[in-house]
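Q: Any chance you can model this:
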Amino acid sequence: MRCPTCGAACADGDTFCEVDGTKLSPTSGPLAGDLVATVSPRSGSLPAIGVCDACKADNADDGDGYCRVCGHKLTRSAPEGAGSAASGPAGQPRPLRSSMATLAPGMRLGNYMVRQTAGDRATASTPDGSEVLLVVGDRSALADEADALERIGSHPSFPRVVERDEDCGAFLAISAPSNASRMLADVVQNRTVEETVAAISGLLDLAALVERAGYAFQPSPSDLLLAPDGAVLLTRLRGAHRLARGERLDARRLLESLGEIFLAPAILGPTRLVRLLVPSRDPGDRTLETARATVAAVVADLAATPGRASLMELCDAGLWRPYNQDSTALDHGVTAGGEPFVIMVVCDGVSSSPFSERASRVAARAARDALGHFARSPDIAHDSAASAVAQAIRAAHLAICAAHVAEPVIDPPGTTIAAAFIFRKRLTVGWVGDSRGYWLTSRGAELLTHDHSWVNEAIARGEVKDADEVQGALAHTITKCLGPLEVGDEPAEIEPDVRARDLAGPGLVLLCSDGLWNYAPKAADIAAVIRAAHDETDALEVGRLLVNYALARGGQDNVSVTVYAHG
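A: Numbering: from 1, shown residues only. As a prediction, the model looks like this:
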């Protein structure tokens, strides 16, 4: 939900706004529309900034107050420099150093009459009837804000300092924004990806002016406006503080703090755009130049995006792991008889071995090549697709074992696999492990695979009634995989599960790793995410949306999808 006074994002269970103390009600409104509510963590907001005392991960809050990396309960402190300069160490408003702790309509501050309040600021009228914006808070913080604005000088996107209250240090009077401007958070949700990228670019341009003046700042979503001509405006320079010699403005922290207002439209865009807006464990280069280069690359991606696609693959490392142990593979063409076919493979290397990246890559290619040979050979006329898919998965398993024999390692590698073969309006899926396959239509969603996992075996034995009863590591422990990790040094065969179904009408075939379905565990959850796409028949848009959804929810694992739009 959002605070009705200052507009700050609040968790669904919050009673009071952490920014200005306003009492909240259940009807305070959604965070940023239905889409952001869908892609946000359980708390209903983007991951809160926090440092885990146990593993030292930054931006660790999973939304419930526990570390997304190690599960340790977090203290509610923010990293150094995070949050508003007018806030205390836990994000609570810092007490004002004056007698005017609150603003109320009708009260006077110097020569100004308060008209309408919004947290730590208010619109007010001057004796001559003009309007200003009054900001109250800590004396030194207001002084820094005024100094930064004066250093920037006259600029249409920044407010002008009207008066600095030198007597009690309680408020700063700055020029009020034009009534023709609208709060960016209110309008950006309905804008296109291209318009959103333009707004982000405009914000980075303003940040460059602030940095050039020798300052950094920490805006809240309520500080950003959009002018009728599309220019981004700042109603104030919240949290302005002087940069030390050689220090740079942290562009990533700036964008992450405002990610909630850009995420809903950005989630339909290129993956690198979403990665720019959500917290990541990768320290990387956080300068404005790097952020602007990423935005330029997003613009190029959008310009180069082809038209509607029927087949796509996307394999993303996620936000928290420095490696990618997933692999995907595709093939399509026509048989010797001139009939079309499609092949899709997703593999997820078992993380217990550092060499599982190689296992997943070898398996994906081996299964794809085996099915491609089957599709283009005379065998397709008399052998069943189910037999071909099973044999392709066995070939993938033996290929990993052979690679291990050729280059043995101490920790034997393993990988899951899901492979699909589409021919003559019939889908055949084979799998080992917990990579999944789905069939999605306008009528609903169907999970085609059944995880080879501890929890599913416990359910089969009657020890557990429902998978939701099991939490923690057991819920994700697989009981079957490809490679030496499964069978040891002996290159024994493995038996995959295979299932087939007719594709009676249009729909989507989806294969994915658990980096996606962990955030959408039920088939209906996957279908709900896909409904946010503008074109649910565009495999590229749907696949990108699914990966972006996983990143927006935390991206704790590698995320891989292959999508085929049938019919």
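
Q: Could you report the neighbour count for Ala216?
A: If you count neighbours by other C-beta atoms under 10 Å, Ala216 ends up with 24. In this view, the C-beta of every residue, glycine as well, is placed from N, C-alpha and C.

Q: repeat for Asp538
A: As a burial measure, Asp538 scores 20 neighbours (other C-beta under 10 Å).

Q: can you give me the strands in the stretch 451-567 of the chain?
A: Using DSSP state E, counting those that start in this stretch, the strands of the stretch 451-567 of the chain run over 497-502, 507-512, 559-566.

Q: List the buried residues of the second one.
A: Residues of strand 507-512 classed as buried by neighbour count (16 or more other C-beta atoms under 10 Å): Gly507, Leu508, Val509, Leu510, Leu511, Cys512.

Q: Just flag the most distant two among those residues.
A: With C-beta to C-beta as the measure, no two of those lie farther apart than Gly507 and Cys512, at 15.6 Å.

Q: ranges for the strands of the stretch 301-450 of the chain?
A: Per DSSP E, counting those that start in this stretch, the stretch 301-450 of the chain carries strands over the ranges 311-316, 326-334, 340-349, 415-423, 426-432, 436-441, 444-447.

Q: about what we covered before: and the buried residues of strand 507-512, which is closest to Ala364?
A: The closest of the buried residues of strand 507-512 to Ala364 turns out to be Leu511 (C-beta to C-beta; 10.7 Å).

Q: can you list the domains in this structure?
A: Using automatic domain parsing, the domain parsing of the chain gives 108-175, 183-304, 311-566.

Q: Using CSV, lay out these together with distance to Thr102.
A: Below are the domains of the chain laid out as CSV (distance: least, C-beta to C-beta, whole Å):
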stretch, distance to Thr102
domain 108-175, 8
domain 183-304, 17
domain 311-566, 36
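
Q: The ones you listed into a markdown table, with extra columns for mean pLDDT?
A: Formatted as a markdown table, the domains of the chain follow (pLDDT from 0 to 100):
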| stretch | mean pLDDT |
| --- | --- |
| domain 108-175 | 88 |
| domain 183-304 | 93 |
| domain 311-566 | 91 |
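
Q: surely Val278 meets Ala550?
A: No - with contacts counted by C-beta atoms under 8 Å, Val278 stays clear of Ala550, the gap being 10.4 Å.

Q: Comparing the two, which residue is more hemmed in?
A: Ala550 (31 against 25).

Q: any idea how far that one is from Pro283?
A: Distance, Ala550 to Pro283, using C-beta to C-beta, to the nearest Å: 21 Å.

Q: What of Pro159?
A: According to C-beta to C-beta, Pro159 and Pro283 sit 33 Å apart.

Q: More neighbours: which of the two?
A: Per other C-beta under 10 Å, whichever of Pro159 and Pro283 has more neighbours is Pro159, with 23 against 8.

Q: Now do the phi/psi pair for that one.
A: phi -70, psi 160 (degrees, to the nearest 10).

Q: and if you look at Arg461?
A: Phi and psi for Arg461, reported as degrees, to the nearest 10, are phi -80, psi -10.

Q: which residues does it contact?
A: With contact set as C-beta atoms under 8 Å, 6 or more residues apart in numbering, Arg461 has no partners.

Q: and what of Tyr519?
A: Counted by C-beta under 8 Å, 6+ apart, Tyr519 has contacts Asp525, Tyr549, Ala550, Arg553, Gly554.

Q: Likewise for Pro354?
A: Contacts of Pro354 by C-beta under 8 Å, 6+ apart are Asp411.

Q: so which of the strands of the stretch 301-450 of the chain comes closest to Gly119?
A: strand 311-316 (37.7 Å).

Q: partners of the closest one, with directions?
A: Strand pairing for strand 311-316, using DSSP bridges, gives strand 559-566 (antiparallel).

Q: List the buried residues of the partner strand.
A: Residues of strand 559-566 classed as buried by neighbour count (16+ other C-beta under 10 Å): Val559, Ser560, Val561, Thr562, Val563, Tyr564, Ala565, His566.

Q: Tabulate those in CSV, adding columns for distance to Ser377.
A: Listed next are these as CSV, based on distance: C-beta to C-beta, whole Å:
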residue, distance to Ser377
Val559, 34
Ser560, 28
Val561, 29
Thr562, 23
Val563, 27
Tyr564, 22
Ala565, 26
His566, 24
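
Q: Out of these, which is nearest to Gln325?
A: Among the buried residues of strand 559-566, and counting by C-beta to C-beta, the member closest to Gln325 is Ser560, at 9.7 Å.

Q: I figured Val509 was touching Gly543, is that so?
A: No - Val509 is beyond contact range of Gly543, at 11.3 Å (criterion: C-beta under 8 Å).

Q: Give me the common contacts of these two.
A: In contact with both Val509 and Gly543: Val563, using C-beta under 8 Å, 6+ apart.

Q: how much space between Cys401 and Ala492?
A: Here the criterion is C-beta to C-beta. By it, Cys401 lies 8 Å from Ala492.

Q: More neighbours: which of the two?
A: Ranked by neighbour count (other C-beta under 10 Å), Cys401 and Ala492 place Cys401 first, with 26 against 11.

Q: Contact partners for Asp535?
A: Counting by C-beta under 8 Å, 6+ apart, Asp535 has contacts Arg308, Glu541.

Q: 6 Å instead, please
A: Asp535 is in contact with Glu541, counting by C-beta atoms under 6 Å, 6 or more residues apart in numbering.

Q: For Gly81, report the pLDDT, please.
A: Here, the pLDDT recorded for Gly81 equals 35.

Q: If you could redo that for Pro93, that was the one I meant.
A: Per-residue pLDDT puts Pro93 at 34.

Q: before we move on, the earlier item: Val350: which of the contacts of Tyr519 is nearest?
A: Closest approach between these and Val350, by C-beta to C-beta: Ala550, at 19.1 Å.

Q: show me what contacts the closest one?
A: Gly515, Leu516, Tyr519, Val559.

Q: Ignoring the adjacent residues along the chain, who's closest to it?
A: Distances taken as C-beta to C-beta, 6 or more residues apart in numbering place Val559 nearest to Ala550, at 4.5 Å, with adjacent residues excluded.

Q: What distance do you get for Gly246 to Leu398?
A: If you go by C-beta to C-beta, the gap between Gly246 and Leu398 works out to 57 Å.
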